[in-house]
Structure formats: C-alpha cells, structure tokens
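Asks: just a sequence and a predicted model for now, questions to come.
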Amino acid sequence: MDRIEAMQAFVAVVEAGSFVAAANKLQLSKAVVSRQVALLEDELGTRLLHRTTRRVSLTSDGDLFFGRSRELLQQWQEVTDEVSHRTVQARGTLRVNVPFSYGVMYLAPLWPVFMQKHPEVLLEITLSDRVADLVDEGFDLAVRIGQLPSSSLVSRRLASMRLKVCAAPSYVKNHGRPNRPTDLAAHRILAYSLLSTGDTWTLSMKAEPQKREVVDVKPVMRSNNGDTCTQAAIAGQGIVLQPDFMVQKHIDHGELLELLPTWQAEEFGIYAVFPTRRHLPAKVRLMIDFLVTHLISHKPGR
C-alpha cells in the first residue's frame, strides 16, 4: 500500500463528502478509493469513517487522523515542490576538484562567468593533482586529464591535450639535442612524479604513428607539480615531458624548445567526472554543460 496515496484518498473522501465525489476529484474509480481507505483502516487497526448509503462521517479516530493527515500532505507537497524547483534552478554548494596547473591557467577565468550565470550556487573549488575519491571526499564533480581507469564514475569529454618534450635553449647548447626518443635515456630528466607511466616515456612518429619507441628515463629531479618541472627546465636544468597547455607559451616566447618535432606523445582527454547520471542535480548538470561549451573546442598549443 502506498501510504501517501491512501492518505490522499481518505482526505479527499472527507473533503468531498462521499466516495464518488472523491473518486471524481482524484480521477480514480470508486472501488479504488474505497479499497485505499479500507487498507488504511486495516493498517491503523481502527475505523476512520462511518459509512451509510447517503453519507460518510468521521469517527473520533478519523477526526484526529484527518487533521494530521492534511498537515502531512501539505508538508509533503511543499517539500516535493522545493526539491523539484531545486532540480530546475541551480542552487546550493557545488564542490569541484580540478588539476592544479590546468585549474589555474584555464579554469580559474571561467568560475566568475559561471557564478554570474548562477548566483545561487556556492562554488568550492579544490586544486590538486592527486586523484580524489569523489564519493568518499564529497565532491560533486572533478576535472581529470589522461586515461580514465574503469570505475563506476561517469565521464564527459571536455577537451584534449598532448604531452610535449621540451628543454631550454641553454640546455640544448650545453648537453646537445636528442635525435630520437631512445636518446633521452642519456639526458637529464625533470620528471612529473604523478605521470601514469612513471619513468617510462612512449613516443610515436607523427608520420607513421604505428612506429613507437619506449624509453626508461633517469630523472635528476621529481615533482608532483608540473609548473615546478617546467620552471627548472626553463632554467636549463633538464628535459621535461609536460602538457601543451603548460609549455606552449614558453615555446612561443623562446624560453623552451620543443624537442623531437617529428615524434609525439599520446593525446589525452580532459574529462568532467561525476558519480552518477541518475537524478543529477541541476548545479552539476549546468556546470558540465558550461565546461563543455567553453572547453570542447579549446586545443592549447595547436
């Protein structure tokens, strides 16, 4: 028995004065309304209505139950209206986890735009290159770069990026330029410690992508922050494998040189990741659509 429907049937009978009038109001058959009220009485273990061929009237228990039922149904309507409204209107706290450098360089300018469009949303932006557990840590949404592992999470592609092998002109002058990926094994490497492949770098020929070379590099420095690696490279301390969105401006300004120009690293996706599609809150859905609109055509360094 659906208790809400049974209470609605009971209240309708009392307010309409008969089972027939209540059935017409609820657009149900008289038999259905009668059965719902009877089941409600059976569950409560008491008679709620006196029934005659001409009219129905409340028992003492029915009078008490009618008053409380009407209050509960009104509260139920108010809360369902509020929740339904919230699914249309974005409001409340939206917790987003984003990669540090990409978050600063490309996402930070977007947050004020979203805030202006949706003033009732409180953004909580956490910048971290660590892969957060969305459910355990209470995030509504995350932006992630790279190959996504199999999981129960749902993702939507926002943009793409490619890693580039770079070094400063001063480094090339002092240490020479590698001619092919396997030459990197003999060079000073400034390694990003959170790279999914660790100290193993794989590059393929641009003209013939099926031709690949895999090299185990030997870092002279590791950092979990790509900007730190990039600044050390600009200072001439070694070679980096960093995202195009991070190094392209330094290449354009002559601070870094792209090495191995006929080779390329794998292209990675940039994704919005969220726990589930079911009953997706408006604030999350609108943020995903917003990021897609602003980032889907963005190809840094191209």
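Replies: In hand now; what should we look at? Numbering: from 1, shown residues only.
Asks: from now on I want contacts and neighbour counts done on CA atoms only, so please keep to that.
Replies: Noted.
Asks: quick one: the strands in the stretch 1-150 of the chain?
Replies: 49-51, 56-58, 92-98, 121-127, 141-145 (DSSP state E, counting those that start in this stretch).
Asks: quick one: Ser204 and Thr59, what's the gap?
Replies: Look at Ser204 and Thr59: by C-alpha to C-alpha, to the nearest Å, they are 84 Å apart.
Asks: nope, Phe66 is what I was after
Replies: From Phe66 across to Thr59, the span is 10 Å (C-alpha to C-alpha).
Asks: how about Asp216?
Replies: Separation of Asp216 from Thr59 (C-alpha to C-alpha): 85 Å.
Asks: about what we covered before: give me the more crowded residue out of Ser204 and Thr59.
Replies: Shown here are Ser204 and Thr59; by other C-alpha atoms under 10 Å, Ser204 has more neighbours (18 against 15).
Asks: with mean neighbour count, mean pLDDT and distance to Arg70 as extra columns, can I get the strands of the stretch 1-150 of the chain in JSON lines?
Replies: Shown next, in JSON lines, are those (neighbours: other C-alpha atoms under 10 Å; pLDDT from 0 to 100; distance: least, C-alpha to C-alpha, whole Å):
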{"stretch": "strand 49-51", "mean neighbour count": "15", "mean pLDDT": "88", "distance to Arg70": "16"}
{"stretch": "strand 56-58", "mean neighbour count": "16", "mean pLDDT": "89", "distance to Arg70": "14"}
{"stretch": "strand 92-98", "mean neighbour count": "19", "mean pLDDT": "93", "distance to Arg70": "30"}
{"stretch": "strand 121-127", "mean neighbour count": "16", "mean pLDDT": "94", "distance to Arg70": "34"}
{"stretch": "strand 141-145", "mean neighbour count": "23", "mean pLDDT": "91", "distance to Arg70": "40"}
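Asks: among these, which is nearest Pro243?
Replies: strand 141-145 (9.9 Å; C-alpha to C-alpha).
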